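# build me a structure from this.
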Amino acid sequence: MSAYILALDVGTSSVKASLVSTELKIVSEAAQRYETRYPALHCAEQRAQDWWDAAVAAVRRLFEINPEGTQDVCAIGISAHMLGLLPVDAKGEPLTPSMIHSDNRALDEAAEVEAHIGLDRIYRLTGNVLTAAASLCKAMWIKRKRPEIYARTARFLQAKDYLNFRLTGNLDTTDYSDASHGMLIDISRKEYLTEVFQDFGLEADRFPALHASTEVIGKLTAEAAAQLGLKQGIPVVAGGGDGCCANVGAGIARTGDIYCSLGTTGWIACNMDAPYLDAQRRVFSILSLDGDHCCVFGTVENVCRSVDWAQKIYAPEGIDAMNRLAAEVPAGSDGLVFLPYLSGERSPIFDPLARGVFFGISADHDRRHFSRAVFEGVSYGLAGILDIMRECLPVEEMRVIGGGAKSQLWRQILSDAGRVRVRGIDTSADAATSLGAAAAAAVGVGAFRSLDEAVGCVHMTDTTEPDPANAAVYAERMRLYQSLYPLLKPAFHGEFSR
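Residues are numbered from 1 along each chain as shown. Modelled structure (predicted):
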C-alpha cells in the first residue's frame, strides 16, 4: 500500500493542499482562495477562520481527485506565510483578524525598539533587521493599542500554528523558523527574548512552546478528521515558515547549500551551521526546519513583480516577446540601468521609501533596452546578495527555482552578473514550499532519518555557466548600479523638499 504526506501551504492568497509521496513527489494538488483585507493605512489582515475553511475546501477537492488517498495519509505537514500575529483566547478563538506579513501598522513600536535597544543589538540578538512587520512589534502594538485584547490573549500564533490547533487541538506550539523571523527569540540560544519582552510589558507565556519543524505535535482529532474527510489519529508535525520550507523543497539542507528563488519577491538563501551576523545588517538569518542549522537570506523585494510590470508596458504581446526583445540587446543594455525598487527594497538597503529608476536613458534606447535592463537590474540586486554571502563562504554554484527560472535568458544574465554556475532542479516553481513541508512531516514520522536524507529526492537538471565577457561588462555596470542608491536616497526621502 502506498503512503502519502498531506502538505498544506497557507499562502498570501490561498491554501494549497498537496498529496505527496514518501519519495517527495507531488501526486496531485488543489487550492482554495481567500481574501486579504486592508482596513486602514499600513494594515493587512486575514481571518483565521478563512484559512481553516480554505484548508478544508482544498483538502476535500484534493481527495475528490484521489479518493483512494484518504486512507493512505501517514502524516500532515504545514507551511505558511511568516511575520504574522494572531491573538487567540484560551479556547483558541481568534480575538482579532491576523496581522499578516505586509501589515506595517506597528511603526511606532518599531521606533520604540530602535530607541530602547538599538538596531545593532536587536540584530545581534535575533539575526533579523528590525521592521514594523516583525511579530515582536505587532505584539507590542496589541499591548499598547488594544489592551483589552492583550488581556484576553492566551497565545499569539502564526498562521500555521492556528491550523495546527484546528488539526490537533494543541494550542501551545510554534516552530523555530517562524519564531526567529518574527524577532521573538534569541537566535543563538533558541530561547524567547524574555528580558526584551519584560522591557516592553510582554509576557513570554503568551507565546507558544518552541519545536523543530520535524517534531510531531499532535494527532488529527475526530472533529478535524470528519471535516477533512480523513481518518482520525494521523500524526501532525509542527511545520515551518514558507521561506524555510522552500529551502528544503529546493534541496537545501546541508551546510553551504545555496539557492535563488525568482518569484514575485526574490531571494538568495544559504544553509549555515550558525547565524551570519553581518556588521552592515544587509542580510538576515532564520533558524531552519531542523532547528539546528540557520538559513541566511538576502531578499530583493521586486523581482518577477518588476518583470511583470515591464512586460505589460514594453512587451504587451507576452513574456516570451519580452525575452526575445531583451535578447536582441548586448549585455549592459547599452548603458541603461534599472533600479527595481517599485515598492521599496530589502537587502541590502532595507528602505521602504526607495522607488524604481531607469538611469542613463538616451534617444538610442527602445523597448528592447528597457526590457533587458529590467532583467539585468533585478539580477544586479541578487548578485549583490551573492557577494555578501561570499564574505563568509565560497560560492561557485547556485540552484534556482521560481517562475523566473523558466527564462533561459534570465538564468544566463543571473549567472553572468553573479559569476556563478546556475543549476536548475526538478522541483517545479510552485512546489518547493509544499515539498519542504512534506519533507519535514516525512522526517517526523520516520520516512527519512533527517532532512539531509530527504533532500536527496531533489535532483539537478540543466546547468548555465557564466560567460566571462558578459561577466566583465556586468561587473562594471554593477558598480554604477550600487552607486545610485546613496545618491538618490535624499530624493527618495523627500529631503530636497524640506
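# roughly how far apart are the residue nearest to the spatial centre of the chain and residue 418?
Note on the chain: the residue nearest the mean C-alpha position is residue 243, at 3.4 Å, using C-alpha atoms, centre = their mean. Distance of residue 243 to residue 418, computed by C-beta to C-beta, to the nearest Å: 20 Å. The C-beta positions use only the backbone N, C-alpha and C, and glycine is treated the same way.
# likewise residue 361?
From residue 361 across to residue 418, the span is 26 Å (C-beta to C-beta).
# re the thing from before, so the residue nearest to the centre of the chain touches residue 266, yeah?
No: assessed by C-beta atoms under 8 Å, residue 243 is found out of contact with residue 266, at 11.7 Å.
# ok, how many other residues are close to the nearest residue to residue 38 once chain neighbours are set aside?
With C-beta to C-beta, 6 or more residues apart in numbering as the criterion, residue 38 has its nearest non-adjacent residue at 5.8 Å, and that residue is residue 44. Counted with other C-beta atoms under 10 Å, the neighbours of residue 44 add up to 21.
# what do you get for residue 459?
Around residue 459 there are 10 residues (other C-beta under 10 Å).
# gap between stretch 464-482 and the chain center?
27 Å (C-alpha atoms, centre = their mean, to the nearest Å).
# hmm, who's touching it?
Stretch 464-482 is touched from outside by 330-332, 337, 339, 359, 376-377, 379-380, 383-384, 408, 411-423, with contacts defined as C-beta atoms under 8 Å, 6 or more residues apart in numbering.
# and the helices in the stretch 101-250 of the chain?
Here the stretch 101-250 of the chain has its helices, by DSSP state H, counting those that start in this stretch, at 107-116, 119-126, 135-145, 147-152, 159-168, 176-181, 194-199, 222-228, 242-249.
# mind listing what's buried along the first one?
Within helix 107-116, the residues that qualify as buried are 109-110, 112-113, counting by 16 or more other C-beta atoms under 10 Å.
# so which of the residues you listed is the closest to residue 138?
Lowest distance from residue 138 to these (C-beta to C-beta) belongs to residue 109, with 7.7 Å.
# contact partners for that closest one?
Shown in contact with residue 109 (C-beta under 8 Å, 6+ apart): 132, 137-138, 140-141, 144, 200.
# for it, report the pLDDT, please.
On pLDDT, residue 109 comes in at 98.
# from residue 119, how far out is it?
Counting by C-beta to C-beta, the gap from residue 109 to residue 119 is 14 Å.
# likewise for residue 138?
Plainly put, residue 138 is 18 Å away from residue 119 if you go by C-beta to C-beta.
# and those two? Which one has more around it.
Each of residue 138 and residue 119 has its neighbours counted (other C-beta under 10 Å); residue 138 has more, 28 against 14.
# hang on, that one packs against residue 106?
Yes: counting by C-beta under 8 Å, residue 138 does reach residue 106; the two are 5.2 Å apart.
# what residues are up against the residue lying closest to residue 101 once chain neighbours are set aside?
Distances taken as C-beta to C-beta, 6+ apart place residue 83 nearest to residue 101, at 3.9 Å, with adjacent residues excluded. Shown in contact with residue 83 (C-beta under 8 Å, 6+ apart): 100-101, 133-135, 181-182.
# contacting residues around residue 404?
Residues in contact with residue 404 (C-beta under 8 Å, 6+ apart) are 262-263, 266, 303-304, 307, 410.
# what lies in contact with the strand or helix carrying residue 297?
Applying DSSP states H and E as the criterion places residue 297 in strand 294-300. Applying C-beta under 8 Å, 6+ apart, the contact partners of strand 294-300 are 127, 177, 187, 243-244, 247, 252, 265-276, 282-288, 340, 345-348, 378, 381-382, 384-385, 388-389.
# direction included, what does that strand pair against?
strand 266-272 (antiparallel), strand 284-287 (antiparallel) (DSSP bridges).
# lowest-confidence one in the contacts of residue 404?
For those, the pLDDT minimum is residue 263, 86.
# buried residues in stretch 123-132?
123, 125-132.
# just give me the longest helix of the chain.
Longest helix in the chain, counting residues (DSSP state H): helix 468-492.
# may I see the ChimeraX selection of the buried members of the contacts of strand 294-300?
ChimeraX command restricting the contacts of strand 294-300 to the buried ones, with burial defined by 16+ other C-beta under 10 Å:
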select :127,177,187,243,244,247,252,265,266,267,268,269,270,271,272,275,276,282,283,284,285,286,287,288,340,345,346,347,348,378,381,382,384,385,388,389
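# just to revisit the earlier point, touching the following helix or strand past the strand holding residue 297 from outside, list them.
Toward the C-terminus, strand 294-300 is succeeded by helix 304-314 as the next helix or strand (DSSP H and E). With C-beta under 8 Å, 6+ apart as the test, helix 304-314 has contacts from 262-266, 318-319, 322, 325, 338, 340, 342-343, 356, 367, 370-371, 374-375, 377-378, 402-404, 410.
# please save the CA atoms from helix 304-314 in CSV.
Output of helix 304-314 as CSV, limited to C-alpha atoms (Å, rounded to 0.1, in the frame of the first residue of the first chain):
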residue,chain,number,x,y,z
CYS,A,304,9.1,39.0,-11.0
ARG,A,305,7.0,41.9,-10.0
SER,A,306,9.4,44.2,-11.9
VAL,A,307,9.4,41.9,-14.9
ASP,A,308,5.6,41.6,-14.9
TRP,A,309,5.3,45.4,-14.7
ALA,A,310,7.8,46.0,-17.5
GLN,A,311,6.2,43.3,-19.7
LYS,A,312,2.9,45.0,-19.7
ILE,A,313,4.5,48.2,-20.9
TYR,A,314,7.3,47.1,-23.2
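# next, the angle from it to strand 294-300.
Counting by axes from the mean of the first three to the mean of the last three C-alpha atoms, to 10 degrees, helix 304-314 lies at 20 degrees to strand 294-300.
# buried ones in helix 304-314?
By neighbour count with 16+ other C-beta under 10 Å, helix 304-314 contains the buried residues 304-307, 310-311, 314.
# give me the spatial nearest neighbour of residue 128, chain neighbours excluded.
Closest to residue 128 by C-beta to C-beta, 6+ apart is residue 284, at 4.6 Å.
# enumerate the beta-bridge partners assigned to that neighbour.
residue 297.
# give me the pLDDT for it.
Residue 284 is assigned 95 on the pLDDT scale.
# redo the contacts of residue 109 as JSON lines? Include distance to residue 444 and pLDDT.
Below are these laid out as JSON lines (distance: C-beta to C-beta, whole Å; pLDDT from 0 to 100):
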{"residue": "132", "distance to residue 444": "34", "pLDDT": "93"}
{"residue": "137", "distance to residue 444": "32", "pLDDT": "98"}
{"residue": "138", "distance to residue 444": "29", "pLDDT": "98"}
{"residue": "140", "distance to residue 444": "33", "pLDDT": "98"}
{"residue": "141", "distance to residue 444": "34", "pLDDT": "98"}
{"residue": "144", "distance to residue 444": "38", "pLDDT": "97"}
{"residue": "200", "distance to residue 444": "34", "pLDDT": "97"}
